[in-house]
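Asker: mind looking at a prediction? Sequence and model below.
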Amino acid sequence: MTVIRHMVVHGRVQGVGYRAFVEQEAHRHRVEGWVRNRRDGSVEALLSGAEEKVEAVIAACRRGPYSARVDVLHQWDGDASDLAPRRPGEAFSVLPTA
């Protein structure tokens, strides 16, 4: 079953390679979507794919890369329109700060 999950991660998640980590995990698990920094210091992502693969990426995001510290990860269901910010032709995009 395909699911779409929106998440926001708080902690030490900017300036530590967190977005690149999310992108790598998404590619590794063949999950579509996007990731971006937010002005409040958090990282926001949208993940779309098979439920077990999306959950695997979320589990990895709870740990993050070595230099990150994840304090809180909020997640909720998204819908297909949430995929719109992706760059044309990309399955997973790293977007500018919002």
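Answerer: Yep, it's here. Residues are numbered from 1 along each chain as shown.

Asker: is residue 5 in a bridge, and if so with what?
Answerer: Counting by DSSP bridges, residue 5 forms beta bridges with residue 47, residue 77.

Asker: neighbours of it, just the number please.
Answerer: Number of residues near residue 5 (other C-beta atoms under 10 Å) recorded here: 21. C-beta here means a position set from N, CA and C on the backbone, and glycine is covered the same way.

Asker: look up how far residue 42 lies from it.
Answerer: From residue 5 across to residue 42, the span is 16 Å (C-beta to C-beta, to the nearest Å).

Asker: so residue 86, which of the three states?
Answerer: The three-state assignment at residue 86 reads coil, by DSSP: H, G, I helix; E, B strand; the rest coil.

Asker: all strands for the chain, in order.
Answerer: Taking DSSP state E as the test, the strands found in the chain are 2-12, 32-37, 43-50, 69-77, 92-94.

Asker: tell me the most buried of the ones you listed?
Answerer: strand 43-50 (a mean of 24; mean count of other C-beta atoms under 10 Å).

Asker: which other helices and strands does that one contact?
Answerer: Applying 3 or more C-beta pairs under 8 Å, 6 or more residues apart in numbering; DSSP states H and E, one finds that strand 43-50 makes contact with strand 2-12, helix 18-29, strand 32-37, helix 51-63.

Asker: reformat those as JSON lines; add distance to residue 94.
Answerer: As requested, these are arranged in JSON lines below (distance: least, C-beta to C-beta, whole Å):
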{"stretch": "strand 2-12", "distance to residue 94": "15"}
{"stretch": "helix 18-29", "distance to residue 94": "5"}
{"stretch": "strand 32-37", "distance to residue 94": "6"}
{"stretch": "helix 51-63", "distance to residue 94": "14"}
